[in-house]
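>>> A predicted structure for the sequence below; I have some questions about it.
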Amino acid sequence: MTDLSETPAKKSNIDSAYIEGDERTLRPELLDLSLVERMPTPTGWRMLVLPYTGQGVTSGGIALTKETLDREALATVVAYVVKVGPLCYGDKTKYGDKPWCKEKDWVLIGRYSGARFKLEDGAEVRMINDDEVIGTILNPDDIVSFR
């Protein structure tokens, strides 16, 4: 019988985009390109976003459990734009001449926006409409979602 306490936990591909250390920080540029290519491609005016789960360690040094990080991802209002559909921000009368955001931007979205689904490694992504973006932000840690 295998002793589960000695079996290392499988690290997901999305987890590899997080830098471990004093703080658990998402580094989107570390996402495996094949993983991004395997993600669903948005159609029409939709975009694929990756909800921000926040830091893995509090400012006081307490390591957060996976359950807590998953709850934060569910309640978050910050997301990373992974892909945009071909018609995103195409309506010039509604959006003007410039899109509200682009791929690789951090955006603010409504807490319950979009269709949520999990990838094979358990990471959650959302498919949202282009008009569900509330704003953009440089640092996702500037917004406190539920803590």
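That came through fine. Just so we're clear, the structure is a prediction, and the values are computed from it rather than from any experiment. Residues are numbered from 1 along each chain as shown.
>>> what's the residue closest to the geometric middle of the protein?
In the chain, the C-alpha closest to the average C-alpha coordinate belongs to residue 50, at a distance of 2.2 Å (C-alpha atoms, centre = their mean).
>>> just the pLDDT for that one.
If you check residue 50, the pLDDT there is 91.
>>> same check, this time on residue 41
Residue 41 carries a pLDDT value of 93.
>>> ok, now how distant is it from residue 89?
Distance of residue 41 to residue 89, computed by C-beta to C-beta, to the nearest Å: 17 Å. To be clear about C-beta, it is placed using only N, CA and C from the backbone, and glycine gets the same treatment.
>>> one step back: ok, for the residue nearest to the centre of the chain, nearest residue in space, not its chain neighbours?
Nearest in space to residue 50, with sequence neighbours left out and distances taken as C-beta to C-beta, 6 or more residues apart in numbering, is residue 80 at 4.6 Å.
>>> helices of this protein, start to end?
Counting by DSSP state H, the chain forms helices over residues 33-38, 66-75, 92-95, given from the N-terminal end onward.
>>> among those, which comes closest to residue 139?
Using C-beta to C-beta as the criterion, the shortest distance between residue 139 and the helices of the chain is 16.1 Å, found for helix 66-75.
>>> and that closest one, what does it pack onto?
Using 3 or more C-beta pairs under 8 Å, 6 or more residues apart in numbering; DSSP states H and E as the contact test, the elements touching helix 66-75 are strand 124-129.
>>> okay, residue 139 and residue 59: tell me how far apart.
Relative to residue 59, residue 139 is positioned 15 Å away (criterion: C-beta to C-beta).
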